[in-house]
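Q: Generate coordinates for the sequence data below:
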Amino acid sequence: MGERVAFVGLGVMGYPMAGHLARAGHEVVVYNRTRDKSARWVGEFGHRAVDTPAEAAKDADYVFVCVGNDDDLRQVTTGRGGILEGANSGTVVVDHTTASANVARELEGAARERDVAFLDAPVSGGQAGAENGVLTVMIGGQIEPFERAAPLIDAYARSTRLMGPSGSGQLTKMVNQICVVGVVQGLAEGLHFALAAGLDAQAAMEVISKGAAQSWQMENRYETMVAGRYDFGFAVDWMRKDLGIALEEARRNGAHLPLTALVDQFYSEVQAMGGNRWDSSSLMARLEKSSETG
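A: Take a look at the predicted model:
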């Protein structure tokens, strides 16, 4: 028998994730700031939509959240009409927003005061991973609510791991984004060099992808990068938000992230080119523009 579940935030990630929970047989109530998206979700998956996060959380055993940033997260959890206003004692809140570790700890404390468990659970895998139910989920919080929530998270994840206490999930997502942008910049430079040298870039990628240079980004992005196509995927605006969170945390903990800071500036140049919504692989476009104007 399915669980009583609420899902708050039906963006490009939350919409399919909530759908997987519905397909898994859970009783799902959804809330989204724009009601037309809630109505569209109900039209596709059934179940019902409500007008506030508090109403969504009422009688739910689990509340899943996927919104934009720290401020959005506070608004739907501790704000007026927020989740904690409606949640019952014993409810588990699973937050899939990529946010700061500080806000995760703050909200975990606010939830605990109401006898509600809070897990920070950012994801990796992008829109395609959400749609195909193969996300990687890195989680911070206590083991008991993690073990309760894990079987539900499995509806849209292929890998789920408890990383440590509150905030640890968000810190791990920062590590993920730091690693990703370094790889993307390296791939962009490699492709740019191959084209400038007159190589068949596709052949070069096919060869080196069988060796030490192989990466997810290479396997999934080199063809669109060579074609100059970026109208899909994880937007530059989102990546800059994530990198800002990581760089702020690094200033707090003393970590040195020179490459991450540099790539963040490169993304600002992509934004200046009008690429705010381009895929994060559009670092290639910046190099091509530099070559044209150089």
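Q: Now the spatially most central residue of the chain. Nearest residue, chain neighbours left out?
A: What sits nearest the mean C-alpha location of the chain, by C-alpha atoms, centre = their mean, is residue 123, with 4.8 Å. Distances taken as C-beta to C-beta, 6 or more residues apart in numbering place residue 135 nearest to residue 123, at 4.5 Å, with adjacent residues excluded. Yep, even glycine has a C-beta here, placed from its N, CA and C like the rest.
Q: got any ranges where the chain has weak pLDDT?
A: Counting by pLDDT under 70, the chain shows low-confidence ranges at 1, 294.
Q: shouldn't residue 140 be in contact with residue 173?
A: No - taking contacts as C-beta atoms under 8 Å, residue 140 lies outside contact range of residue 173: 9.7 Å.
Q: quick check: longest helix of this structure.
A: helix 168-196 (DSSP state H).
Q: Please state the offset of stretch 53-70 from the chain centre?
A: Here stretch 53-70 is found 17 Å from its chain centre; the criterion is C-alpha atoms, centre = their mean, to the nearest Å.
Q: what's the answer for stretch 173-180, then?
A: Relative to its chain's centre, stretch 173-180 lies at 11 Å (C-alpha atoms, centre = their mean).
Q: Pull out the buried positions in that stretch.
A: 173, 174, 176, 177, 178, 180 (16 or more other C-beta atoms under 10 Å).
Q: mind checking the SS state of the residue sitting furthest away from the middle of the chain?
A: Within the chain, residue 198 marks the point farthest from the mean C-alpha position, 37.1 Å out by C-alpha atoms, centre = their mean. Of the three states, residue 198 takes coil under DSSP: H, G, I helix; E, B strand; the rest coil.
Q: distance of it from residue 87?
A: 62 Å (C-beta to C-beta, to the nearest Å).
Q: now residue 190
A: 49 Å.
Q: Looking at the two, which is more packed in?
A: Neighbours of residue 190 and residue 87, each counted by other C-beta atoms under 10 Å, are more numerous for residue 87; the result is 28 against 19.
Q: Pull the contacting residues for the more buried one.
A: Residue 87 makes contacts with 57, 58, 60, 63, 93, 111, 114, 116, as judged by C-beta atoms under 8 Å, 6 or more residues apart in numbering.
Q: what are the phi and psi angles of the third one?
A: It refers to residue 60. phi -80, psi 140 (degrees, to the nearest 10).
Q: count of residues packed around it?
A: Quick note: residue 60 (other C-beta under 10 Å) scores 25 neighbours.
Q: do the second one as well
A: Residue 58 sits with 19 neighbouring residues when counted by other C-beta under 10 Å.
Q: Strands along the stretch 1-150 of the chain, start to end?
A: Using DSSP state E, counting those that start in this stretch, the strands of the stretch 1-150 of the chain run over 4-8, 27-31, 48-49, 62-65, 92-95, 117-120, 123-124, 135-140.
Q: Dig out what the residue nearest to residue 123 forms beta bridges with.
A: residue 157 (DSSP bridges).
Q: Can you give me the neighbour number for it?
A: Residue 135, neighbours per other C-beta under 10 Å, totals 26.
Q: Kindly report the same for residue 197.
A: Other residues close to residue 197 by other C-beta under 10 Å number 9.
Q: How is the chain partitioned into domains?
A: 4-164, 171-293 (automatic domain parsing).
Q: from those, which stretch is densest packed?
A: For those, the largest average neighbour count (mean count of other C-beta atoms under 10 Å) is found in domain 4-164, namely a mean of 20.
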